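Enquirer: sequence first, then the predicted structure, then my questions.
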Amino acid sequence: MNEAFNRRQTMATLMGLAAGSAAHASNAVGPSGTPASTPTVGQLAAAPVATRTNSWGPVVALGGSVRFDNPVVWKRLVELAGGPGSRFAVMSMAAGRPERAANLTQQALQRAGARADWVAVAPALKEQDLAAAVRDPKWLQMVMSAQAVFFTGGAQARIVDTMLPGGQDSPLLQAVRAVQARGGLVAGTSAGAAVMSQTMFRDAPFVTSVLKGVLRKGQEYAPGLGFAPEGLLIDQHFLKRGRVGRIIPLMLSTGDKLGLGVDEDSAALIHDQEVEVLAGRGALLVELHAATAGLENGALSLQGARISLLEPGDRFHLETGRLQPSQAKLAAPVNFRAPNFDPTFEFDRYFMDVLGDYAIVDAMIQLVDGPKQQVRGLAYTPLPRPGDARRDLGFEFVLTRDEHTRAWAPAGTGGDPYTIERVRLDIRPVRVPLPLLRDWSEPA
């Protein structure tokens with residue numbers, strides 16, 4: 001009971017400091033640009049209990065490998081923080097070289113018109129006492145004086161272990177929560193995006209291993225920092241690395257019904273119960289509301305999942321489930337149900353590595369702009385991992401276009417600018433003989 005009381009008291013203190021920072025940040029700064037007067041450690045030393053409302057600030061998840069000269073992403077971040085002159089607190093605790101990661105991020109934000117300060121708290125900073133650093137008034141006030149917080153990439157375990165030691169909010173994490181609670185922006189790239197949801201992948205390097213059931217709490221997955229709406233699981237480097245094969249097992253484990261996989265050099269804004277893709281090749285949205293899952297001889301079997309491909313400018317409402325394509329696409333539907341439909345792709349195609357680079361995107365495009373109502377692909381491990389007891393276990397992904405599926409693709413924009421809504425996805429376990437091939441001279 002005392003702990004809960006202290007958490008509420010601390011939130012009140014933090015919110016009071018937030019209001020003071022907003023009012024006085026322009027005329028009460030020291031030589032480094034941080035406010036001249038700082039609160040005591042005792043004022044900022046616990047975790048809040050707060051009710052999330054629509055006034056809470058936006059979250060931007062960047063999928064990793066975002067170019068520092070990507071003007072769309074960095075300028076939009078500055079706009080969301082309040083425009084030119086807005087102050088960012090940059091956190092690079094995920095990085096192996098935190099000063100370099102922070103410096104590159106600061107330069108990108110400053111080129112876009114922001115002011116960016118480095119919160120120099122990171123496990124890789126030698127001889128730093130992390131337990132003291134996360135409650136140091138200097139860093140707490142730097143965060144509280146900002147309109148936005150940005151987490152760089154690296155290893156997400158470093159972020160959570162620093163900010164959420166022993167599963168308890170540190171004072172530094174409480175300061176970030178207070179920024180968001182007063183309407184400020186929280187953004188992150190790669191590892192910084194992974195920590196945005198309630199649950200995150202901590203260390204799951206092999207997608208097929210997760211599909212096979214290697215999914216242990218505290219190892220492959222763990223609690224995230226929970227800046228995004230509850231029930232939405234976020235993953236990154238998504239389309240490039242075929243991570244749809246790992247997000248679905250984790251969603252089934254946690255009970256999350258929505259998954260958002262953001263691709264590299266892409267960004268997704270989450271605010272007011274809406275997801276908007278900002279840049280890059282986009283994001284994949286996974287819905288499990290009507291899905292059923294079970295085990296076939298101990299292996300995952302899934303029926304009735306839905307996946308949607310979102311491109312820049314597309315929006316998805318988390319509560320209503322409505323997908324709104326960008327304005328340019330509204331007049332350019334792919335009419336695959338029309339009697340005279342002339343598909344772009346004349347022949348059917350089977351995807352031998354459906355979890356390869358962008359293979360799930362190609363499979364979805366083949367489905368909505370090809371001759372067949374169903375496209376199939378195989379997920380398996382040609383070089384089994386050490387300790388894999390089920391080396392011949394693979395999974396067939398079955399994509400189907402039905403009455404819930406729609407697609408848009410304006411001509412003349414270049415590349416593959418398809419927006420694809422609610423393709424049905426079923427996954428069934430299959431046996432893949434290893435070795436997969438033999439010399440042709442061997443008898444059949």
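Expert: Nice, thanks for sending it over. All values reported here derive from a predicted model rather than from experimental measurement.
Enquirer: who are the contact partners of G231?
Expert: Q198, D256, K257, L258 (C-beta atoms under 8 Å, 6 or more residues apart in numbering). C-betas here are computed from N, CA, C, even on glycine.
Enquirer: again, but for S209
Expert: T381, R385, D388.
Enquirer: how is this structure partitioned into domains?
Expert: Listed domain ranges for the chain are 56-284, 299-431 (source: automatic domain parsing).
Enquirer: need the ones you listed in JSON lines (columns: distance to S441 and mean pLDDT).
Expert: Formatted as JSON lines, the domains of the chain follow (distance: least, C-beta to C-beta, whole Å; pLDDT from 0 to 100):
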{"stretch": "domain 56-284", "distance to S441": "31", "mean pLDDT": "97"}
{"stretch": "domain 299-431", "distance to S441": "21", "mean pLDDT": "94"}
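Enquirer: out of those, nearest to A291?
Expert: domain 299-431 (4.4 Å; C-beta to C-beta).
Enquirer: give me the distance between the residue lying closest to G282 once chain neighbours are set aside and E79.
Expert: Nearest residue to G282, sequence neighbours excluded (C-beta to C-beta, 6 or more residues apart in numbering): E311, at 4.5 Å. Separation of E311 from E79 (C-beta to C-beta, to the nearest Å): 20 Å.
Enquirer: the two - which one has more neighbours?
Expert: E311 (25 against 15; other C-beta atoms under 10 Å).
Enquirer: quick check: the more buried one touching Y418?
Expert: Yes. Counting by C-beta atoms under 8 Å, E311 does reach Y418; the two are 7.1 Å apart.
Enquirer: what is the burial count for the nearest residue to L185 once chain neighbours are set aside?
Expert: Excluding its sequence neighbours, the residue lying closest to L185 (C-beta to C-beta, 6+ apart) is A148, at 3.8 Å. Look at A148: counted by other C-beta under 10 Å, it has 26 neighbours.
Enquirer: quick one, phi/psi of A148?
Expert: Backbone torsions for A148, taken as degrees, to the nearest 10, come to phi -150, psi 150.
Enquirer: can you give me the helices in the stretch 251-400 of the chain?
Expert: 359-368 (DSSP state H, counting those that start in this stretch).
Enquirer: hmm, back to that, the contacts of G231 into JSON lines, with extra columns for neighbour count?
Expert: Formatted as JSON lines, the contacts of G231 follow (neighbours: other C-beta atoms under 10 Å):
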{"residue": "Q198", "neighbour count": "18"}
{"residue": "D256", "neighbour count": "20"}
{"residue": "K257", "neighbour count": "16"}
{"residue": "L258", "neighbour count": "20"}
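Enquirer: contact partners for the residue nearest to G282?
Expert: V277, R281, G282, S326, K329, P417, Y418, T419.
Enquirer: again, but for D265
Expert: Contacts of D265 (C-beta under 8 Å, 6+ apart): G63, S65, V66, R67, N70, A279, G280, R281.
Enquirer: and the last one, how close does it get to V361?
Expert: When you say that, I think you mean R281. 8 Å.
Enquirer: and the nearest residue to T189 once chain neighbours are set aside, how close does it get to D357?
Expert: Nearest residue to T189 in three dimensions, chain neighbours excluded: L62, at 3.7 Å (C-beta to C-beta, 6+ apart). As defined by C-beta to C-beta, L62 lies at a distance of 19 Å from D357.
Enquirer: likewise for L77?
Expert: Distance, L77 to D357, using C-beta to C-beta: 27 Å.
Enquirer: who's more crowded, those two?
Expert: L77 (25 against 12).
Enquirer: and for the more buried one, nearest residue in space, chain neighbours not counted?
Expert: Computed as C-beta to C-beta, 6+ apart, the closest residue to L77 that is not its neighbour in sequence is A187, at 5.8 Å.
Enquirer: quick check: of the contacts of S209, which lies closest to L140?
Expert: Nearest member of those to L140, counting by C-beta to C-beta, is R385, at 43.2 Å.
Enquirer: pretty sure that closest one contacts F206?
Expert: Yes. Shown here, R385 and F206 form a contact pair, counting by C-beta under 8 Å, at 6.1 Å.
Enquirer: show me the contacts for V361.
Expert: L239, R281, L284, L309, D416 are the contacts of V361 under C-beta under 8 Å, 6+ apart.
Enquirer: would CSV of these with distance to A112 and neighbour count be doable?
Expert: Shown next, in CSV, are the contacts of V361 (distance: C-beta to C-beta, whole Å; neighbours: other C-beta atoms under 10 Å):
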residue, distance to A112, neighbour count
L239, 25, 25
R281, 21, 22
L284, 27, 23
L309, 28, 25
D416, 28, 16
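Enquirer: how about those residues, which pair is most distant?
Expert: Every pair of those checked by C-beta to C-beta; the farthest is L284 and D416, at 13.6 Å.
Enquirer: what packs against whichever strand or helix holds R76?
Expert: Using DSSP states H and E, R76 maps to helix 71-81. Helix 71-81 makes packing contacts with strand 59-62, strand 87-91, helix 98-111, strand 148-151, strand 185-189, strand 267-271, strand 274-279 when contacts are defined by 3 or more C-beta pairs under 8 Å, 6 or more residues apart in numbering; DSSP states H and E.
Enquirer: listing partners with orientation, what would you give for the fourth one?
Expert: So that's strand 148-151. strand 87-91 (parallel), strand 185-189 (parallel) (DSSP bridges).
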